[in-house]
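Asker: no FASTA, just this:
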Ligand SMILES: *[C@@H]1O[C@H](CO)[C@@H](O)[C@H](O)[C@H]1NC(C)=O
Ligand SMILES: *[C@@H]1O[C@H](CO)[C@@H](O)[C@H](O)[C@H]1NC(C)=O
Ligand SMILES: *[C@@H]1O[C@H](CO)[C@@H](O)[C@H](O)[C@H]1NC(C)=O
Ligand SMILES: *[C@@H]1O[C@H](CO)[C@@H](O)[C@H](O)[C@H]1NC(C)=O
Ligand SMILES: *[C@@H]1O[C@H](CO)[C@@H](O)[C@H](O)[C@H]1NC(C)=O
């Protein structure tokens, strides 16, 4: 008798226990689980997806010429010929868009991928579909240079003489775009940690103690600095010199504009309308110790990013380093938070 009466109670207790845990776990896992599931579903439906996802990118110049200039603009450029945007690059785009929902994020692509369905572009596809402030546009050098300081220079085929065509093209595009439209440029190997809206309109940043880098900068339209860089490319281009139109040209323009050398700017970060931000803003991990990002994270490490707007992860050095999805690695912990779509739509390795 006693056994029969207690049976329903035990059943109810078990049921309550199970449902409580289901609710608890679904609450915590739902977002990541649904992301994970949707990426698997896509994987199994690959054939039907291919046809519907051929890329038709709009022309960058046509879209940007008509953009609403009272909105903040951020530009990232893929000038590789690989035709894919990898997970960590998709993470860069996502972290920028997620932390700056009121700004326009433009991913300008020089050699557009054929479609978004191949496995390597899945993360980008997930990201693009979720953030209405991201636009992926096709950029053509002829159109970008037309009407610019470099129009004739480019038409003469000067850039074709380059010993470093990918680097030089990339160095020029960022300056041409910011000169023409104003806004902020970022390389694709950043992870953005917060809104960039409170930065000065015109800024550069130290990478190491007294070394300014061109991986990220912001200028208003037609700024004297970007004009000086383009004029220098037109007049003094050295096709065989790796850094001809990159960081050295930016530093040269800065020193003229500010009337003092970059070492001196450490002491006083303001010149005219321009700020020279400390390395902790965008390069909290120096490229000489890039591997720190792939170690397990600690609370001290994460606290060291309190003042940082973004972290540069020096892709050319770190690209072969593995990040396991779900691991405690610094990059993994940050990516989970700042680029969840790119992160969870990756398989086991990010
Ligand atoms: C441009 O953007 C501003 C700020 O977001 C907004 O107030 C304004 O209505 C927009 N103008 C147009 C024409 O969309
Ligand atoms: C540069 O070289 C490419 C390929 O060799 C050619 O198609 C293009 O017309 C050249 N550009 C200019 C401006 O001469
Ligand atoms: C920068 O300028 C300061 C003061 O004019 C000078 O003492 C210093 O040697 C300069 N540094 C470089 C690297 O030119
Ligand atoms: C920094 O330099 C600018 C000139 O470029 C000057 O106007 C300003 O007063 C200086 N600030 C400090 C704190 O010395
Ligand atoms: C990092 O943490 C993982 C557990 O998340 C552990 O298995 C691994 O041994 C740790 N690696 C190092 C180098 O401490």
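Answerer: That came through fine. For clarity, every value in this text was computed on a predicted model and none was experimentally measured. Numbering: from 1, shown residues only. Ligands and ions are numbered 1, 2, ... in the order given.
Asker: drop to CA atoms for contacts and neighbour counts, all remaining ones
Answerer: Will do.
Asker: For the residue of the chain found nearest ligand 4, give me phi and psi.
Answerer: Ligand 4 sits closest to residue 271 of the chain, with a gap of 3.7 Å, by CA to the nearest ligand atom. Main-chain torsions, residue 271, degrees, to the nearest 10: phi -140, psi 130.
Asker: what about the residue lying closest to it once chain neighbours are set aside, distance to residue 276?
Answerer: Leaving aside its chain neighbours, residue 271 sits nearest to residue 258 (5.5 Å; criterion: CA to CA, 6 or more residues apart in numbering). From residue 258 across to residue 276, the span is 11 Å (CA to CA, to the nearest Å).
Asker: re earlier: please report how far the residue of the chain closest to ligand 4 lies from residue 309.
Answerer: For residue 271, the distance to residue 309 - CA to CA - is 21 Å.
Asker: so how many other residues sit close to whatever residue of the stretch 51-200 of the chain ends up closest to ligand 3?
Answerer: Distance from ligand 3 to each residue of the stretch 51-200 of the chain (CA to the nearest ligand atom) is smallest for residue 171, at 23.6 Å. Neighbour count of residue 171, defined by other CA atoms under 10 Å: 20.
Asker: Kindly report the same for residue 263.
Answerer: Neighbours of residue 263 under the rule other CA under 10 Å: 13.
Asker: Hmm, residue 212 and it touching each other?
Answerer: No - between residue 263 and residue 212 there is no contact under CA atoms under 8 Å: 9.5 Å.
Asker: circling back to that earlier point, mind checking which of residue 271 and residue 309 has more residues around it?
Answerer: residue 309 (20 against 14).
Asker: For that one, list the residues it contacts.
Answerer: 192, 193, 194, 195, 196, 281, 282 (CA atoms under 8 Å, 6 or more residues apart in numbering).
Asker: What are the neighbouring residues in contact with the residue of the stretch 201-350 of the chain found nearest ligand 3?
Answerer: Residue nearest to ligand 3 within the stretch 201-350 of the chain: residue 261 (4.8 Å; CA to the nearest ligand atom). Going by CA under 8 Å, 6+ apart, residue 261 touches 254, 255.
Asker: Just the pLDDT for it.
Answerer: Each residue has a pLDDT score; the one for residue 261 is 90.
Asker: Can you get me a residue count around residue 317?
Answerer: Residue 317: 12 surrounding residues under other CA under 10 Å.
Asker: hang on, I meant residue 102
Answerer: Residue 102: 15 surrounding residues under other CA under 10 Å.
Asker: So it versus residue 81, what's the distance?
Answerer: Distance of residue 102 to residue 81, computed by CA to CA: 31 Å.
Asker: Quick check: residues of this protein near ligand 2?
Answerer: When proximity is defined by CA under 6 Å from any ligand atom, the chain lies next to ligand 2 at 154, 155, 156, 157, 160.
Asker: and which of these is nearest ligand 5?
Answerer: residue 160 (46.1 Å).
Asker: picking up where we left off before, who's more crowded, residue 258 and residue 276?
Answerer: More crowded of residue 258 and residue 276, by other CA under 10 Å: residue 276, with 21 against 16.
Asker: Doesn't residue 275 lie inside a helix?
Answerer: No - Residue 275: not assigned to a helix; according to DSSP: H, G, I helix; E, B strand; the rest coil it is strand.
Asker: okay, it: pLDDT?
Answerer: The model reports residue 275 with a pLDDT of 96.
Asker: does it really touch residue 202, like I thought?
Answerer: Yes - checked against CA under 8 Å, the pair residue 275 and residue 202 is within contact range at 6.5 Å.
Asker: Tell me the residues of the protein that contact ligand 4?
Answerer: Residues of the chain lying near ligand 4 by CA under 6 Å from any ligand atom: 258, 268, 270, 271, 272.
Asker: at 5 Å instead, please
Answerer: Residues of the chain lying close to ligand 4 by CA under 5 Å from any ligand atom are 268, 271.
Asker: Where does pLDDT dip in the chain?
Answerer: 1-54, 83, 114-120 (pLDDT under 70).
Asker: and this protein, which residues reach ligand 3?
Answerer: Checking the chain against ligand 3 by CA under 5 Å from any ligand atom, the hits are residue 261.
Asker: show me where the chain has strands.
Answerer: Ranges of strands in the chain, per DSSP state E, are 58-59, 73-78, 104-109, 134-138, 183-186, 190-192, 203-208, 211-219, 270-271, 274-277, 310-312.
Asker: The last one - contacts with which helices or strands?
Answerer: So the one you mean is strand 310-312. Counting contacts by 3 or more CA pairs under 8 Å, 6 or more residues apart in numbering; DSSP states H and E, strand 310-312 packs against strand 190-192.
Asker: rewinding a little: of the residues of the chain next to ligand 2, which belong to helices?
Answerer: The helices, defined by DSSP state H, take in 154, 155 from the residues of the chain next to ligand 2.
Asker: Now which of the residues of the chain next to ligand 2 would you call buried?
Answerer: For the residues of the chain next to ligand 2, a neighbour count by 16 or more other CA atoms under 10 Å gives the buried set as residue 154.
Asker: Between all of the residues of the chain next to ligand 2, which two are separated the most?
Answerer: Across those, no pair lies farther apart than 155 and 160, at 10.0 Å, counting by CA to CA.
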